[in-house]
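Enquirer: No letters, just coordinates:
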C-alpha cells in the first residue's frame, strides 16, 4: 500500500484496516481512468444498479464487449465492482446472466469523496434512448447474494 493511504472498513468507511483488504488508494486510481469511470457511472445510473455487459456496451459504443470485460475485471480485482450471476435454472435463453454492481466498500468510498452521485447518474442514464432489447434486459430480474 502507498504511504498515507488507507483501507476502508465495511461499516462506515472509517479508514481503518480490516479483513476486507480493500485499498482505497488503489480503488480510486483504477476507478478514475476515464473509460472505467464511465462504466462505473453507468453502473450507478442503471435502474437496478447492476447492468450487464450488453447494457454497458450499448451505453459505451466506442468500447467493445471484450474491452468492457477487461475494465470490469480490473475493477473487480481492486474491489470496486462485483459480478452476480443467475443460477442455471433461472437463466433465460438468449439473455445475459451476469450482472455487475458496486461493492459496499466502493460505494462508501465514492460517497465519502463526492464521486458518482446516484441521483445525477440515474438521471443521465434515464435520458438515453434505449432499444427494445436493452429495455427488456433492464427489466430482467437480478441475482442477489454472494457471487
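Expert: Cool, got the structure. Given the structure is predicted, the values throughout are model-derived calculations rather than measurements. Numbers count the residues shown, from 1 in each chain.
Enquirer: Show me the helices in the protein, by range?
Expert: 24-31, 34-45, 53-59, 65-77, 104-112, 118-126, 132-138 (DSSP state H).
Enquirer: Of all those, which one comes closest to residue 83?
Expert: For residue 83, the closest of the helices of the chain is helix 65-77, at 6.5 Å, according to Cβ to Cβ. (Each C-beta comes from the backbone N, C-alpha and C, glycine too.)
Enquirer: Compute the inter-axis angle for that closest one and helix 104-112.
Expert: 90 degrees (axes from the mean of the first three to the mean of the last three Cα atoms, to 10 degrees).
Enquirer: Can you tell me what sits against helix 65-77?
Expert: Contacting residues not belonging to helix 65-77 are listed as 30-31, 33, 35-36, 39-40, 53-54, 56-57, 60, 63, 81-83, 100 [Cβ atoms under 8 Å, 6 or more residues apart in numbering].
Enquirer: so where's this structure uncertain?
Expert: 1-20, 145-147 (pLDDT under 70).
Enquirer: what do you get if the cut-off is 80, keeping everything else the same?
Expert: The model of the chain has pLDDT under 80 over residues 1-20, 144-147.
Enquirer: Report the beta-bridge partner residues of the closest residue to residue 49 other than its chain neighbours.
Expert: Nearest residue to residue 49 in three dimensions, chain neighbours excluded: residue 101, at 5.4 Å (Cβ to Cβ, 6 or more residues apart in numbering). Going by DSSP bridges, residue 101 is paired in beta bridges with residue 82.
Enquirer: Pipe the helices of the chain into a markdown table and attach mean neighbour count per row.
Expert: Below are the helices of the chain laid out as a markdown table (neighbours: other Cβ atoms under 10 Å):
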| stretch | mean neighbour count |
| --- | --- |
| helix 24-31 | 19 |
| helix 34-45 | 20 |
| helix 53-59 | 20 |
| helix 65-77 | 16 |
| helix 104-112 | 20 |
| helix 118-126 | 14 |
| helix 132-138 | 14 |
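Enquirer: Would you mind saying which of the ones you listed lies nearest residue 91?
Expert: helix 132-138 (12.9 Å).
Enquirer: residues contacting the spatially closest residue to residue 134 that is not a sequence neighbour?
Expert: Distances taken as Cβ to Cβ, 6+ apart put residue 58 closest to residue 134, at 5.1 Å, once the chain neighbours are dropped. Going by Cβ under 8 Å, 6+ apart, residue 58 touches 130, 131, 134.
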